[in-house]
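K.L.:
this is a predicted model, with the sequence first.
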Amino acid sequence: MPVQSEAILDFKQINQLPYRALLYELRDKVGNNAGGVSGVVPNWFGVAIPNPDIFDLSKNVYVVIYFHPLLHQVHYSDGDYPTKTGNLGTDWKQLYAFVDRLGGQMAGAIEAGAPANRLVVFPFLTAQGQYTVATSEWFNIIHDILQDINTNVVKGICTRPKKIIVAALSNGSFYLNRFLDDAAVLSVNNDIIEVWDFDSVVTQPQILVEPHGKRLRAYWENPHPNTATATYIHLPGPSSWQNFPRGAQLPVEVPPLPPHPSDSNPSNTPDADPSVNLFHHYIRDTMFLDAGFNIEADNPSI
């Protein structure tokens, strides 16, 4: 580490990485629905805390807010959002798999030498359209989540200064851009220190991440169109991914990502052809580890 543009990546399997996965649900306190699940979006927040037993409280605490892609591409229905139901492959509860992946990757970064002072918050968003919880209120919700973690998981976490990172996969940049735009006029904007872009360039139409002047770390399958920009890591295929696990070792996606137009086997099944272009998926499954390792580190140039 750090990963460099055009690099040939190596992959090491590590078992039994320690992290704690949690799920928080918003409920109404007053009104006719008092005690019931709030009808706002998002009303579920997954959280992953790597290495909670040795969480490092000697430094700042980093909170990563991670936006998933627009799920209408994989046929999720917003009508199923209130009950978090759906058919196999479009069941909203399956989004919790992201929490598992992200927790494992962040724990992997700590295993590689990163400080154990970071956690990830994963909002469950609707398949298309805007979220309805005011951006200013997100920070209050995350504060409440941290208070619960302070009581039940990592005692003392609320005594430490917090730094916020916002990240998006693919066209999750749609949500991330609004979040940053709204946050720009809030006092907490100064607490947002970095933006992570996991392959927004590949989506059609492109919804590129606008970092709003924040430090940007981005991993793209395609070259960045502005060659003067030196904050992007270009991971092309097949050269960068020739060592990625193949065949029976290929990770199964639950929930699946939208198929890339060039995927000949978008189901990502174990018998997938090794020549299949799944680099968008590979970036999702690996580069969060690199970003988590290199928080506040200078980005390499293209």
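P.N.:
Yep, it's here. Numbers count the residues shown, from 1 in each chain.
K.L.:
CA atoms for contacts and neighbours, from now on please.
P.N.:
Will do.
K.L.:
which residue ranges of the stretch 1-150 of the chain form strands?
P.N.:
Using DSSP state E, counting those that start in this stretch, the strands of the stretch 1-150 of the chain run over residues 19-25, 44-50, 61-67, 118-123.
K.L.:
export the shortest one as PDB, just CAs?
P.N.:
What follows is the C-alpha trace of strand 118-123 in PDB, where atoms were taken according to Å, rounded to 0.1, in the frame of the first residue of the first chain:
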ATOM      1  CA  ARG A 118     -12.500   4.000  12.200                       C
ATOM      2  CA  LEU A 119     -16.000   2.700  11.500                       C
ATOM      3  CA  VAL A 120     -18.500   2.800   8.700                       C
ATOM      4  CA  VAL A 121     -22.100   3.900   8.600                       C
ATOM      5  CA  PHE A 122     -24.300   2.500   5.800                       C
ATOM      6  CA  PRO A 123     -27.700   4.000   5.100                       C
END
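K.L.:
buried ones in stretch 193-211, by neighbour count?
P.N.:
For stretch 193-211, a neighbour-count test (16 or more other Cα atoms under 10 Å) marks 193-203, 207-211 as buried.
K.L.:
how about the helices in the protein?
P.N.:
Along the chain, counting by DSSP state H, helices occupy 96-111, 135-152, 173-183, 279-293.
K.L.:
these into CSV, with extra columns for mean neighbour count and distance to residue 90?
P.N.:
Output for the helices of the chain, formatted as CSV (neighbours: other Cα atoms under 10 Å; distance: least, Cα to Cα, whole Å):
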stretch, mean neighbour count, distance to residue 90
helix 96-111, 23, 12
helix 135-152, 14, 26
helix 173-183, 20, 20
helix 279-293, 21, 18
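K.L.:
using JSON lines, lay out these together with mean pLDDT and distance to residue 85.
P.N.:
JSON lines is the format used below for the helices of the chain (pLDDT from 0 to 100; distance: least, Cα to Cα, whole Å):
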{"stretch": "helix 96-111", "mean pLDDT": "93", "distance to residue 85": "13"}
{"stretch": "helix 135-152", "mean pLDDT": "97", "distance to residue 85": "24"}
{"stretch": "helix 173-183", "mean pLDDT": "96", "distance to residue 85": "22"}
{"stretch": "helix 279-293", "mean pLDDT": "90", "distance to residue 85": "24"}
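K.L.:
of the strands of the stretch 1-150 of the chain, which is nearest residue 295?
P.N.:
Closest to residue 295 of the strands of the stretch 1-150 of the chain, according to Cα to Cα: strand 61-67, at 8.7 Å.
K.L.:
residues in contact with the closest residue to residue 44 other than its chain neighbours?
P.N.:
The shortest distance from residue 44 to any non-neighbouring residue, by Cα to Cα, 6 or more residues apart in numbering, is to residue 25 (4.6 Å). The neighbours of residue 25, taking Cα atoms under 8 Å, 6 or more residues apart in numbering as the test, are 37, 43, 44, 45.
K.L.:
residue 10 now?
P.N.:
By Cα under 8 Å, 6+ apart, the contact set of residue 10 is 243, 244.
K.L.:
confidence score at it?
P.N.:
Per-residue confidence (pLDDT) for residue 10: 90.
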